[in-house]
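Predicted model and sequence below, questions to follow.
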Amino acid sequence: MESDELAIAAHGLGVRYDLRQTKNRTLRRSLAAAVGARPGAEQGIFWALRDVDFVLAPGEILGVIGKNGSGKSTLLQVIADIISPDEGTIRVVGRRPTLLTIGAGFERELTGRENIRLNAAYLGFSRKEIERLVEPIAEFSELGQFLDQPLKTYSTGMRARLGFAIAVHTDPDILLLDEVLSVGDADFQEKSRHRMLEMMNRARAIVVVSHSGEMIERTCSKVLWLEKGRVRDFGDPEAVIADYHKSTVKLIPPAPPAEQQAAVARIR
Amino acid sequence: MVVESIRGPQIGARARLAYLMQRARDLYEFRYLVRYLASSALQVERVSLSFGFLWWLLDPLLMIALWTTLFVVILERGSRSSYPIPLFLMSTLLVWQFVNRTTRNSVALTHYKELQMRPIAFPRAVFALANTLAESVKLSMALAFFPVAAVLFGQPLSPVQLLAVPLIPILLTTTVGLAWFFSALNFVFRDTERLIGILFRLWMFLSPVIYALERVPARFRLLYELNPLCLIIECFREVLLYHQIPSLSYVGGAVAAAVITATIGFVFFHIQEPRFARLN
């Protein structure tokens, strides 16, 4: 398939966790393994993803659904080039596939403004691009003079604002979202939602992982349903989400009696 | 411009080589991050300590004072040397301390930052590289103090001492190779971070740091010089203390050791790197 008709293509994708390797990392375990001691229950290989195939065209939004441990986050990490596939290939057409995160890598001794530079550098921006980004991010964060104070003087909310302001200014070609993020008060959330929509409009393609079937159905053009690391279904949101709900609905416990719900509501 | 990447398992020598070349290009692309990490690490250290950057000088001087006390007072070795013991030790301990501290800090830093920065894709090799650059600033400052110390001990100065400057890049290359190698090994064997302390203590006694290379018996010399730090340490002593231009074989050997160590470190780090995100 030509590059301009494609955003992401996974072909026979597999990611393996070798439990012996992840466990045999201390000297004692390594020596035991070297002399042939039985690793017992630690032995074995766990496939977080296996035989995953899908194609996403430019302009599409892919929703990834599945239970906890089905491989959703691993798939995002593979697309973001954090984990390499052990099997198959992943083809990504677009600059800087970025998994949107808030505040990873902040240095508490540096000022807010310096942290903007540092974070943008982690995301691969050049010096010129960073200089262009600093002011819009600073303005968006609404942190005013605090931006020249060390991060250790910030409240949790202020850090989140700064992290979010950086995240929504990254403008990657391929935008990866692990649950839709939101921070701050109602005004800031509204502003963030607008900025996020702008960023989504500019992105070549978007992959979003969510537990909310409703959100996926509303925003996505394709849905990938993962189960135990394999593709259970891939296609139009309406049909896939309906099947997904049918399979999960029986797992939801019956609602508690009305008087119990009323008591909980009173406590809240 | 449309950027396209196709990734899969690297099977075969050609695929591995292409992967390593790509990683080298990635590292170059993130050069601003390397510079920013190095300068912000120095800045953080400067503002978070009461004596700030004075520690960059105090730290090596205190260590030299400690070793001098051990030599002169406890072992009573001072009178036999034709050079003042503190200067003799300073010419090589500064270099040793740089390698030791850079490698050990890189191991801890790479592990800590990998966990902290897991959701973001960038070359993890930046931490060891930035740390080496930051430490090299402290080394340069300590080395610049050497002529001052020499004058204080009544020793002459020589333009040959300036040859320490071109030796620094050779030392940096060796050190970053070691930092990459041990940082990656720490993901394979989690105990590396602990064992490295003992290893480096032992390594110091197997390197010409507190004694001159000429004291090593000739029959062990070839084996001894396989130590990638041996010749570069001796080169620093020759230019700083003896005011002698190191022989071509010493410089050539030090350069070869630097290139081999950096290559092994780079290759080992990047072969292991895809596993980092799957380990804790």
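Alright, I've got the coordinates. Remember, predicted model here, so these are calculated numbers, not experimental data.

who's in contact with stretch A:85-94?
Outside stretch A:85-94, the residues that touch it by C-beta atoms under 8 Å, 6 or more residues apart in numbering or on different chains are A:3-4, A:6-16, A:49-52, A:58, A:78-79, A:81, A:172-174, A:204-205, B:2-9. The C-beta positions use only the backbone N, C-alpha and C, and glycine is treated the same way.

Please pick the buried ones from those residues.
Those of the contacts of stretch A:85-94 that meet the buried threshold are A:6-11, A:13-16, A:49-50, A:52, A:58, A:78-79, A:81, A:172-174, A:204-205, B:7-8, by 16 or more other C-beta atoms under 10 Å in any protein chain shown.

For the residue nearest to A:Leu176 when sequence neighbours are not counted, give me phi and psi.
In space, and not counting its chain neighbours, A:Leu176 is closest to A:Leu99: 4.3 Å by C-beta to C-beta, 6 or more residues apart in numbering or on different chains. Note on A:Leu99: its backbone torsions stand at phi -90, psi 110 [degrees, to the nearest 10].

show me the contacts for B:Ala18.
B:Ala18 touches B:Gln10, counting by C-beta under 8 Å, 6+ apart.

picking up where we left off before, which ones among the contacts of stretch A:85-94 are found in helices?
Judged by DSSP state H, these include A:Val78, A:Ile79 as members of helices.

Could I get the contacting residues of the spatially closest residue to A:Glu179 that is not a sequence neighbour?
Leaving aside its chain neighbours, A:Glu179 sits nearest to A:Ser210 (5.7 Å; criterion: C-beta to C-beta, 6+ apart). By C-beta under 8 Å, 6+ apart, the residues touching A:Ser210 are A:Gly63, A:Val64, A:Ile65, A:Leu177, A:Glu179, A:Val180, A:Ile216.

Does the nearest residue to A:Ala239 once chain neighbours are set aside belong to a helix, a strand or coil?
Counting by C-beta to C-beta, 6+ apart, A:Ala239 lies nearest to A:Asp233, which is 8.0 Å off, once chain neighbours are set aside. Using DSSP: H, G, I helix; E, B strand; the rest coil, the structure places A:Asp233 in strand.

Next, work out how far apart A:Asp233 and chain B are.
24 Å (C-beta to the nearest C-beta, to the nearest Å).

isn't that residue right up against A:Val240?
Yes. Under the criterion of C-beta atoms under 8 Å, A:Asp233 makes contact with A:Val240 at 4.9 Å.

hey, what's in contact with both of those two?
Counting by C-beta under 8 Å, 6+ apart, the common neighbours of A:Asp233 and A:Val240 are A:Val223, A:Trp225.

related to what we said a few turns ago, lowest-confidence member of the contacts of A:Ser210, which is it?
Of all the contacts of A:Ser210, A:Val180 carries the smallest pLDDT score, 63.

So A:Asp53 sits against A:Ile8, correct?
No. Applying C-beta under 8 Å, one finds A:Asp53 not in contact with A:Ile8, separated by 11.5 Å.

now the helices: where do they sit in the chain?
Using chain A. A:19-23, A:27-34, A:72-79, A:112-122, A:127-141, A:156-167, A:186-202, A:213-219, A:237-249, A:258-267.

actually chain B
B:13-29, B:31-48, B:55-69, B:85-116, B:126-144, B:146-152, B:164-188, B:192-205, B:218-224, B:230-237, B:248-276.

could these be laid out in a markdown table, adding mean pLDDT?
Output for the helices of chain B, formatted as a markdown table (pLDDT from 0 to 100):
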| stretch | mean pLDDT |
| --- | --- |
| helix B:13-29 | 90 |
| helix B:31-48 | 89 |
| helix B:55-69 | 83 |
| helix B:85-116 | 93 |
| helix B:126-144 | 95 |
| helix B:146-152 | 92 |
| helix B:164-188 | 97 |
| helix B:192-205 | 93 |
| helix B:218-224 | 88 |
| helix B:230-237 | 95 |
| helix B:248-276 | 95 |
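
Tell me which of those helices sits most buried.
When the helices of chain B are scored by mean count of other C-beta atoms under 10 Å in any protein chain shown, the highest mean neighbour count falls to helix B:230-237 (a mean of 24).
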